[in-house]
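Peer 1: dropping a prediction and its sequence here:
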Amino acid sequence: MRRFIIATLFFVALLGAWQAMVLSGRWSPVLLPSPAAVGEYLWTALWDGTLIEAIEVTMRRLLVGYAIGIALGLPLGLLSSRFTFFEDTVGVLALGLQTLPSVCWIPLALLWFGQSEGAMLFVVVMGSAWSVAIATDTGARTIPPVFARAARTMGSEGFHQWTRVILPASLPYLISGMKQGWAFAWRSLMAAEIFVTILTGFGLGQLLHYGRELNAMEQVIAIMVVIVAIGLLADKALFAPWERFLHRRWGTGGTAAT
Amino acid sequence: MFETDAPRTDPAPDPDIDTCLAEMHPADMPETDIVEEGGEGDLVVDAVSKRFRTGRTDVHALDNVSLHVRPGEFVCLVGPSGCGKSTLLDIIAGLTRPDQGEVRADELVVAGPHRHRLVMFQEAALFPWLNTLGNVMFGLKLVRGLTRQQRVEIARSHLRLVGLEKFARANLHELSGGMRQRVALARALAPDPRVLLMDEPFSALDAMTREQLYLDLQRIREQRRKTIVLVTHNVREAVCLADRVILMSSPPGRIRDEFTISLPQPRDINTAEVASYASRITTALRNYADSDLAP
C-alpha cells in the first residue's frame, strides 16, 4: 500500500511539473499541450472508437508477429545451442541481424510486400525472432551439464529431454529473451506503422503519424501515453506471472516479488 | 585433475539397444524392496580402459580395470583425484562408453544409461524448476505401467524415508545442502534401481551434516537392500559405509588394492575401529602414490 502511494505521488508530481511548464507560458501550446488537452483528446478518441480500433489493429499485428517470431526464434536458438552446424550458420546470422535496427527492414518490406499487412508482419517478425533465438541459445548453453546427465540416467532422452529438461532449465533466460523480443516487436511495429501507410487498418503508430501531420501535439502525446501504458500492462499480464514463478522456484530476486 | 577438465560427454547410446535392455528388464515396481530374483544388482566390470583426448592432452583415465560387485554389496572406490574413479562410475552408469572392455549388469552388457542404475551426483543435480516432490517424481514418470496415484505414493514414501515428507511442496532453494542431497537420494531410490551409484555425494557438505547422512544412509540401506557403488576421496567415509573398499591410483587409473571391512553395521565414523582401518588404507594409498612417482 505504501509503495502504491509513493508511485501515485510520483506520477502526480510528474503531471504537476508538466502543468507548471505549460503555465509558465515559455512554450507555445502548439508545441507543448497541457495535460488537460491530452486528456480531452484521449476522452473523445476513446468514445468515438478511434482509439479502441487503433489499439485492436495494433495488438493484432503485434501478437501475430510476436507469436511467429517466437515460433521461429525458439527452435532456431535451441538448434544453434546444440549443433555446431547451426551455431556457425543461423547463430551468426541471428547475432548479426539482432544488431540491425528493425526500421532498416522497412524499405525492403515495402518493396517485397507493398503497402500491406504482410510488410507490417515481416518487420515485426524480423524485429523479434532474432533476439528470442539468441536468448534461447544463451539459456540452453548455460544449463549445467549435470542436469542432462541426471535426466539421461533416469531414462529421459530426445524429445522428452528437450521439453522436460532443457527448456525448463533455461527458463530464466527464455523469459528475459521473450521480454526483449516483446520490446523489439513493439518498437518494430511502431516504426512500421509510422512509415507504412496502409488502408487495411489504422494502428496506434498511424494515429501518431497523423497527429504529427496535423500538428496536433495533444494527439501525439496522448498516443505515446497509450503506447507506454500498453507496454506496462503487457509486461504485467504476460511476463509477471512467469517471473513470479521463477523467483519462487529459483529463489532469486527477493525484493521485486509480491 | 581430468575429473573437471576432461569432457564426460559421449555419443548418445544406441536407442535400440537401450529399448532392448528396457524390455529385458520388465518394470518390477513397486512395493518390494528385497531382491526377489537371483542375481539382481550384480555388476561386473570387465577389463575396462578409457582415454580422453582433447586437443593436445591425452589422459589415460582407466587402464584394464576389472571389478565384481555382488548383489546388495556396498563398494567404495577410493583414490586421489585423477585416478579415474568418477570415470569408472560414469561407465558403470552408461553415461560414458569404455574404449575397451565392458560392464555387465545382471549379465547384460551396459550400452547406455538405464533406470536400474541410478546416479546421485556430487553437486545437487536436482531440477530447480520443480519442487521437492516434482524432483522425486521425475524419474518415476519415466517408469511405465504406473498410475499417477501410485507414482505420487511412491514419491511420498521415499520422501518419508529420507525424513522430508513435510517438505514435499518446498522449493529447492528453501532447503539446506544436506536436505537437498536427501532429496537427491530419494529421487535416485524412487524408481527402485538395482544399483545405486554415488559420485562424492557428501563432499560439499559440512562435517555435522555429513555424519548425520552417514547414519541415515546406513539405515536406509538396511531397509532397502541395493547394490551401491560410492566414489569418494574420503577414506574414513569409505570405511564407515562400505563392505569393501577399492583402492585406485593414478594415472592411468588402476585398481591397486582392496580391503574388506568386517566391522558390524551400522558404524559410527568416530570410533577407533573405523579410524584404524582408515589409517591402514591411507598408508597403503600413500605407498602406491610414492611407488608411482619412483620410476
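Peer 2: Received it, and whenever you're ready, just let me know what you need. Values in this document were obtained by computation on a predicted structure and should not be read as measured data.
Peer 1: give me the neighbour count for the residue lying closest to A:T50 once chain neighbours are set aside.
Peer 2: Distances taken as C-beta to C-beta, 6 or more residues apart in numbering or on different chains put A:L207 closest to A:T50, at 7.0 Å, once the chain neighbours are dropped. In this view, the C-beta of every residue, glycine as well, is placed from N, C-alpha and C. Close neighbours of A:L207, defined as other C-beta atoms under 10 Å in any protein chain shown, add up to 26.
Peer 1: now A:L207: which helix or strand?
Peer 2: helix A:204-213 (DSSP states H and E).
Peer 1: repeat that for A:L32.
Peer 2: Applying DSSP H and E, one finds A:L32 in no helix or strand.
Peer 1: now do the same contact list for it.
Peer 2: By C-beta atoms under 8 Å, 6 or more residues apart in numbering or on different chains, the residues touching A:L32 are A:21-22, A:217.
Peer 1: also B:N135?
Peer 2: B:126-127, B:172, B:183, B:187 are the contacts of B:N135 under C-beta under 8 Å, 6+ apart.
Peer 1: of all these, which two lie farthest apart?
Peer 2: B:L172 and B:R187 (11.3 Å; C-beta to C-beta).
Peer 1: any residues in contact with both of those two?
Peer 2: Shared contacts of B:L172 and B:R187, counting by C-beta under 8 Å, 6+ apart, come down to B:126, B:135.
Peer 1: neighbour count for these two, which is higher?
Peer 2: Between B:L172 and B:R187, counted using other C-beta under 10 Å, B:R187 has the larger neighbour count: 29 against 22.
Peer 1: that one - nearest residue in space that isn't next to it in sequence?
Peer 2: Per C-beta to C-beta, 6+ apart, closest to B:R187 is B:V136, 4.9 Å.
Peer 1: host element of the one you found?
Peer 2: Short version, using DSSP H and E: B:V136 is in helix B:132-141.
Peer 1: does the next helix-or-strand element following that helix come close to chain A?
Peer 2: Downstream of helix B:132-141, the first helix or strand assigned by DSSP H and E is helix B:148-161. No - Helix B:148-161 lies out of reach of chain A by C-beta under 8 Å from any C-beta of the partner chain, never closer than 12.9 Å.
Peer 1: helices or strands up against the helix or strand following helix B:148-161?
Peer 2: Once helix B:148-161 ends, the next helix or strand along the chain (criterion: DSSP H and E) is helix B:177-189. Counting contacts by 3 or more C-beta pairs under 8 Å, 6 or more residues apart in numbering or on different chains; DSSP states H and E, helix B:177-189 packs against strand B:117-120, helix B:132-141, helix B:148-161, helix B:207-223.
Peer 1: turn the contacts of A:L32 into CSV, columns for pLDDT.
Peer 2: Output for the contacts of A:L32, formatted as CSV (pLDDT from 0 to 100):
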residue, pLDDT
A:M21, 91
A:V22, 90
A:M217, 89
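Peer 1: dump those to JSON lines, plus neighbour count and secondary structure.
Peer 2: Output for the contacts of A:L32, formatted as JSON lines (neighbours: other C-beta atoms under 10 Å in any protein chain shown; DSSP: H, G, I helix; E, B strand; the rest coil):
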{"residue": "A:M21", "neighbour count": "13", "secondary structure": "helix"}
{"residue": "A:V22", "neighbour count": "17", "secondary structure": "helix"}
{"residue": "A:M217", "neighbour count": "19", "secondary structure": "helix"}
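Peer 1: distance to A:I106 added to these, as a markdown table?
Peer 2: Formatted as a markdown table, the contacts of A:L32 follow (distance: C-beta to C-beta, whole Å):
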| residue | distance to A:I106 |
| --- | --- |
| A:M21 | 34 |
| A:V22 | 35 |
| A:M217 | 25 |
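Peer 1: once you drop chain neighbours, what's closest to whichever residue of chain A sits closest to chain B?
Peer 2: Proximity of chain A to chain B (C-beta to the nearest C-beta) peaks at A:G251, 2.8 Å away. Leaving aside its sequence neighbours, A:G251 sits nearest to B:H173 (C-beta to C-beta, 6+ apart; 2.8 Å).
Peer 1: residue contacts, the residue of chain A positioned farthest from its centre?
Peer 2: Largest separation from the mean C-alpha position in chain A: A:T153, at 39.7 Å (C-alpha atoms, centre = their mean). Taking C-beta under 8 Å, 6+ apart, we find A:T153 in contact with B:93-95, B:113-115, B:117-119.
Peer 1: cool, B:D63 as well?
Peer 2: Contacts of B:D63 by C-beta under 8 Å, 6+ apart are B:49, B:252-254.
Peer 1: mind checking what secondary structure A:T252 has?
Peer 2: Secondary structure assignment for A:T252 (DSSP: H, G, I helix; E, B strand; the rest coil): coil.
Peer 1: number of residues surrounding it?
Peer 2: Neighbours of A:T252 under the rule other C-beta under 10 Å: 14.
Peer 1: equivalent analysis for A:A229, please.
Peer 2: A:A229 has 10 neighbouring residues, counting by other C-beta under 10 Å.
Peer 1: surely it is in a helix?
Peer 2: Yes - secondary structure of A:A229 (three-state DSSP): part of a helix.
Peer 1: pLDDT averaged over the helix holding B:V136 - what is it?
Peer 2: For helix B:132-141, mean pLDDT is 93.
Peer 1: residues contacting the residue of the stretch 151-295 of chain B at minimum distance from chain A?
Peer 2: With C-beta to the nearest C-beta, the shortest gap between the stretch 151-295 of chain B and chain A falls at B:H173, namely 2.8 Å. Going by C-beta under 8 Å, 6+ apart, B:H173 touches A:249-251, B:128.
Peer 1: can you turn the buried part of those into a ChimeraX selection?
Peer 2: In ChimeraX, a selection of the buried entries from the contacts of B:H173 looks like this (16 or more other C-beta atoms under 10 Å in any protein chain shown):
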select /A:249 /B:128
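Peer 1: skipping adjacent residues, who's closest to residue 176 in space?
Peer 2: Picking chain A for this. A:A135 (6.2 Å).
Peer 1: the chain in question should be chain B.
Peer 2: Of all residues not flanking B:S176 in the chain, B:T209 sits nearest, at 7.4 Å (C-beta to C-beta, 6+ apart).
Peer 1: ok, now which ones touch the one you found?
Peer 2: Residues near B:T209 by C-beta under 8 Å, 6+ apart: B:176-178.
Peer 1: and B:V229, what is it in contact with?
Peer 2: For B:V229, the contact set (C-beta under 8 Å, 6+ apart) comprises B:43, B:69, B:75-77, B:89, B:92, B:195-198.
Peer 1: B:D90 versus A:A229, what's the distance?
Peer 2: Separation of A:A229 from B:D90 (C-beta to C-beta, to the nearest Å): 55 Å.
Peer 1: show me where the stretch 1-150 of chain B has its strands.
Peer 2: Along the stretch 1-150 of chain B, counting by DSSP state E, counting those that start in this stretch, strands occupy B:43-54, B:57-69, B:74-78, B:100-105, B:108-109, B:117-120.
Peer 1: and the angle for the second one with strand B:43-54?
Peer 2: Regarding strand B:57-69 and strand B:43-54, their directions subtend 180 degrees when assessed with axes from the mean of the first three to the mean of the last three C-alpha atoms, to 10 degrees.
Peer 1: now the third one
Peer 2: The directions of strand B:74-78 and strand B:43-54 differ by 30 degrees, with the same axes, to 10 degrees as the criterion.
Peer 1: can you report phi and psi for B:F121?
Peer 2: Per-residue torsions, B:F121: phi -90, psi 170 (degrees, to the nearest 10).
Peer 1: follow-up on the earlier one: state the distance from the residue of chain A closest to chain B to A:P144.
Peer 2: From A:G251 to A:P144 the distance is 16 Å (C-beta to C-beta).
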